[in-house]
Structure formats: structure tokens, C-alpha cells
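Trainee: Just a sequence and a predicted model for now, questions to come.
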Amino acid sequence: MPHDQDLAAAYELIYTVAAGKDYQREAYDITDLIRRRNPAADSLLDVACGTGLHLSHFRHSFAHVEGLELAEPMRKAAADRLDGVAVHVGDMRDFRLTRTFSAVTCLFSSIGYARSVQELNQTLLCLAAHLEPGGVLVLEPWFTPSQWISGPVDTGTAADGRRHLTRMCVSRNAGTTSTLTMHYLLGEPDTGIRHWSEEHTLTLFTDEQYRSAIRQAGLRDVQWIPGAHDRRPRISAVKRRWARPS
């Protein structure tokens, strides 16, 4: 098994260097989307925040931000990066914080870790419960069954001047369950080369299952925005405000 710092370092090297994921630009675009739907938005909760790379930019656009992460190595890396920002340990399917937010985000297909339609519905209810009335949810879904392509092997290499990383990933599915098996080699001058593997299981929900979960959570005005780099969209919705008494 890798050291905790290896997991966080490998994650960041693969996505920021090898894949060229632009967290700053994504955070800017998501902030713009939130403000167009709720101009007064001043607080944000990033659920399944990973190592806090999106939050490191959100914190400059909102008066108050917090994060939630289940994997302790990722949560610790986020807390170390975001001095003064609360990064809670918690599962997106069942968590309870002491406040609500103007915006809640669940990005980078983390919603796919819900293992069933029931868990998807429960997750959306939990996310919506942490929104203020009029607050905005931004969700980036995993692939749908019709989008999924099983079998390809993906490789990535990255280096930051000291650490060198290679990752190889193979994907497959059984019904609506997709599995990604990843092997890592991480080399450093002082510690040599370390190898470990991970398996990630994500559910291939349909568009209608996402729509139904969003409706059941009391969200409205749903928008589907085409993704920039692949076929996965970005979904936004607004929490209903309580009707005024007649």
C-alpha cells in the first residue's frame, strides 16, 4: 500500500500535469455559472473535494468556503493546502454539517461512486439539504450507459522535477457498474520506486435517473451544460424557495 502522501501526490501529478486539468479555469467557469443563477451567492461547499485544488480558487471568489472529503489522504492534503478552511471528513451519501450554503458543488464525476439509484437519490437529498433556499447545486456526472466505452487502456506520465509518476488504467463494466483498475509507479531519488494498485467502481446512471434524483431533492430550473473536454455535461439546479403565505 502507498503512503498517504503518495496517494495525494500521484493524484495531483496525473491530473494537473499529465492530463492538464485546469482547476483554476474550471473554478472560474463554475463561479460564473453560480453567480448567473444566484448573484448574491457568498458561500460554497465543495463535496468530494479531493486535495482541494478547486477550493484553492473558490476561496478567492466566495466569502466563505468549506470542503467535504471521505478519503483521509485527500482530506489531509486539502486541509494542509487550505489553511483556515474547514475540510470535513464525510461521505457525500450521508453527512450533516451545521450550516447551509449559497452553492454546493460535487465535481469530477464523484457522484458516480453512489452504488445504486437509491444511493444517488439519497446523495442528492443530502446535497440539497445543505443549500439555502435559492442556492445553486453544480454537479458533474459520470458517464451514462450509452456513453461508456469498455476496454481501453489509458496511460499517463508526469514529473515535477523530483517525483516521476507513471499510471496505467484499464476500464471495464458489468451492466451499469464500471470498474477502473489503476497501477502506479512513483519514483523519487531518495526513496526509490514504489508500486501500488487501486480499483474504483462507479455506477453508470442514465440522464433520467439524474433528473429524477434532482427533482426528488426539491431542485428546479435544471440546466445541462455541455462538457468542455468529453461527453459528460455539467448540471446545475436551484433549490426552491419557500412559498409566501397567502
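Mentor: Everything's here; your move. Numbers count the residues shown, from 1 in each chain.
Trainee: Wait, Thr16 touches Tyr23, no?
Mentor: Yes - counting by CB atoms under 8 Å, Thr16 touches Tyr23, with 7.1 Å between them. Placement of C-beta: from N, CA and C, glycine included.
Trainee: Just want to know which of these two has more residues nearby.
Mentor: Using other CB atoms under 10 Å as the criterion, Thr16 and Tyr23 rank with Tyr23 on top: 21 against 16.
Trainee: ok, and the closest non-adjacent residue to the more buried one?
Mentor: Leu53 (4.2 Å; CB to CB, 6 or more residues apart in numbering).
Trainee: Give me the contacts around the helix of greatest length in the chain.
Mentor: Longest helix in the chain, counting residues (DSSP state H): helix 23-37. Helix 23-37 is contacted from outside by 16, 41, 44, 53-54, 56-58, 61-62, 102-103, 105, 107, 136, 138, 221, 225, 234, 236, 238, using CB atoms under 8 Å, 6 or more residues apart in numbering.
Trainee: Contact partners for the residue positioned nearest the centre of the chain?
Mentor: Centroid check for the chain by CA atoms, centre = their mean gives Leu107 as the closest residue, at 3.0 Å. Applying CB under 8 Å, 6+ apart to Leu107 gives the contacts 26, 30, 46, 48, 54, 138-140.
Trainee: Give me the three-state assignment for the residue nearest to Tyr23.
Mentor: Here Leu53 is coil, with the state taken from DSSP: H, G, I helix; E, B strand; the rest coil.
Trainee: Please tell me I have it right and it contacts Glu12.
Mentor: Yes - using CB under 8 Å, Leu53 is in contact with Glu12, at 7.1 Å.
Trainee: The two: who's more crowded?
Mentor: More crowded of Leu53 and Glu12, by other CB under 10 Å: Leu53, with 24 against 21.
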